[in-house]
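> fold the following for me, if possible:
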Amino acid sequence: MPDVSADRQTTASPADARSLGAYTTLRLGGPAGAMSVVNRADDAVAAVRAATAADEPVFVLAGGSNVVVGDAGFPGTVVLLRTSGATVVSRDATHAVLRVAAGEVWDDVVARTVAEGLSGLECLSGIPGSAGATPIQNVGAYGQEVAQTIVAVHAYDRVTDEVRAFTPQECGFAYRSSIFKHTDRWVVLEVDFRLAVSGDSAPIRYAELARGLGVEVGARVPQALAREAVLKLRAGKGMVLDAEDRDTWSVGSFFTNAVLSAPQWAALRERAEPPHWPGDEGAVKVSAAWLIEHAGFPKGYGRDGVAISTKHTLALTNRGGGTTAALLGLAREIRDGVRDRFGVELHPEPVLVNCAL
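Predicted structure coming up:
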């Protein structure tokens, strides 16, 4: 089951303790059939093992920042992963390996690495959710993604009933994806990151960030400056959690950028030429935000308590009083509108639980 990332600011009162909307950044989703809070990896394995033995549906939820839960909730047991801890397990003059519990708040991990002079995660500052979610989604932003630094993912396999370490090659990392996504076979327990021992950032690869820092693409800057600049950029797009800002009541980017084959790109160029970047193996990555805006869906577009963020076209938000059904209805309208206008199919980035687009 996906160890989807979450917002620790969304906590439930006793009256709504089983409402999954209380544990997601969208603040949407119906009740869990049952709920179990685990603070140790062994307890997480035991809870999942017991549900498996009882042939009971089980869903592991950590941060909830990349999950859309249906209005009917989840009929089985939801295991709330609240494990913690981050330990340097090896270090030499140039690199250190940091082992992080899956339930650790991700931005706390990034802040620690910056403070301790461990470089490689600084451009992933401000991303809500848990550390265990990062390999599932192959989280990335501003020119970095976790696949660049992960050296092992420790996970429980429900099929073989064992905990094992996966190499980066076995993880099958791809654009916002891995073997752990869209399957309930594995439960991520810990993640090992190999980071450079340096007060400077990794080379700045994202043009917008380089402009904000006043440097050329490829330059290095002090890690603290890179983190500060990333947090400022994210906040300007409503991508840093703020309970008072409804633009942050979202799962971040709802759609991934479109990855087109050469023939698909040629067909699109007959209609328009949106911002694009080279992808893997000759593919072309196209800006989903541009496609959405030029298909007639501006910032703030919405109804029934849900809308596109007023700050970022890719974020679909709960404005208060919305439902998952309304959010998915808006997502379908946008997806279908882009397909009709440009012939490009957009795909959702978050994990959908007991609901479908």
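
> do you know how far the spatially most central residue of the chain is from residue 128?
Per Cα atoms, centre = their mean, the C-alpha nearest to the average position across the chain is that of residue 66, at 5.0 Å. Per Cβ to Cβ, to the nearest Å, residue 66 is found 8 Å from residue 128. To be clear about C-beta, it is placed using only N, CA and C from the backbone, and glycine gets the same treatment.

> got it, and residue 319?
Residue 319 sits at a distance of 18 Å from residue 128 (criterion: Cβ to Cβ).

> and after the longest strand seen in the chain, which helix or strand comes next?
Longest strand in the chain by number of residues, with DSSP state E as the criterion: strand 186-197. Proceeding N to C from strand 186-197, the next assigned helix or strand is helix 207-213, under DSSP states H and E.

> list of residues touching that following helix?
With contact meaning Cβ atoms under 8 Å, 6 or more residues apart in numbering, helix 207-213 is reached by 123, 142-143, 204, 216-217, 219, 221, 225-226, 229-230, 232-233.

> domain parsing of the protein, as residue ranges.
Domain ranges of the chain: 4-81, 86-236, 246-353, per automatic domain parsing.

> looking at those, which has the lowest confidence?
When mean pLDDT is averaged over each of the domains of the chain, domain 4-81 scores lowest at a mean of 85.

> restricting to C-alpha, output stretch 88-99 in CSV.
Only the C-alpha atoms of stretch 88-99 are listed here, as CSV (Å, rounded to 0.1, in the frame of the first residue of the first chain):
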residue,chain,number,x,y,z
VAL,A,88,24.0,8.9,9.8
VAL,A,89,25.0,5.2,9.2
SER,A,90,28.2,5.9,7.4
ARG,A,91,30.5,8.8,6.6
ASP,A,92,33.8,9.6,5.0
ALA,A,93,35.5,12.8,3.9
THR,A,94,33.2,13.4,1.0
HIS,A,95,29.9,11.6,1.6
ALA,A,96,27.5,10.5,4.3
VAL,A,97,24.6,8.1,4.2
LEU,A,98,21.6,9.2,6.2
ARG,A,99,19.0,6.6,7.1
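
> can you pull the buried residues of it?
By 16 or more other Cβ atoms under 10 Å, the buried positions in stretch 88-99 come out as 95-99.

> try stretch 269-285
Buried residues in stretch 269-285, defined by neighbour count with 16+ other Cβ under 10 Å: 274, 276, 279, 283-285.

> closest to residue 299 among those residues?
For the buried residues of stretch 269-285, the minimum distance to residue 299 (Cβ to Cβ) is 16.8 Å, reached by residue 274.

> would you mind measuring from the nearest residue to that closest one once chain neighbours are set aside to residue 271?
Nearest non-adjacent residue to residue 274, counting by Cβ to Cβ, 6 or more residues apart in numbering: residue 290, 4.2 Å away. To residue 271, residue 290 is 12 Å away according to Cβ to Cβ.

> ditto for residue 255
Residue 255 is 18 Å from residue 271, by Cβ to Cβ.

> ok, residue 245 next?
Taking Cβ to Cβ as the measure, residue 245 falls 35 Å from residue 271.

> now swap in residue 33 and tell me
For residue 33, the distance to residue 271 (Cβ to Cβ) stands at 47 Å.

> quick one: the helices in the stretch 201-350 of the chain?
Under the criterion DSSP state H, counting those that start in this stretch, helices of the stretch 201-350 of the chain are mapped to 207-213, 223-236, 262-269, 288-294, 324-342.

> just send those back as CSV, with distance to residue 82 too.
CSV is the format used below for those (distance: least, Cβ to Cβ, whole Å):
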stretch, distance to residue 82
helix 207-213, 32
helix 223-236, 25
helix 262-269, 43
helix 288-294, 33
helix 324-342, 24
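
> if we can go back for a sec, pick out the most distant pair among the buried residues of stretch 269-285.
Maximum pairwise distance in these, criterion Cβ to Cβ, is 14.8 Å, between 274 and 283.

> can you give me the buried ones in stretch 240-255?
Those would be 240-241, 246-255, for stretch 240-255 by 16+ other Cβ under 10 Å.

> quick one: that stretch to chain centroid distance?
Its chain's C-alpha centre and that of stretch 240-255 lie 12 Å apart, by Cα atoms, centre = their mean, to the nearest Å.

> cool, and stretch 90-98?
26 Å.

> between residue 319 and residue 128, which one's more packed in?
Neighbour comparison, residue 319 and residue 128: the larger count goes to residue 128, with 27 against 18 (by other Cβ atoms under 10 Å).

> so how many other residues sit close to the closest residue in space to the more buried one that isn't next to it in sequence?
Distance criterion Cβ to Cβ, 6+ apart; nearest residue to residue 128, sequence neighbours excluded, is residue 65 at 3.9 Å. Per other Cβ under 10 Å, the neighbour tally for residue 65 reads 27.

> how many neighbours does residue 306 have?
Per other Cβ under 10 Å, the neighbour tally for residue 306 reads 26.

> and it, what are its bridge partners?
residue 303, residue 318 (DSSP bridges).

> which residues sit in contact with it?
Contact partners of residue 306, counting by Cβ under 8 Å, 6+ apart, are 316-319, 322-323, 326-327, 330.

> hmm, residue 251 and the residue nearest to residue 128 touching each other?
Yes - the criterion here is Cβ atoms under 8 Å, and residue 65 meets it with residue 251 at 6.3 Å.

> who touches both of those two?
Common neighbours of residue 65 and residue 251, counting by Cβ under 8 Å, 6+ apart, are 24-25.
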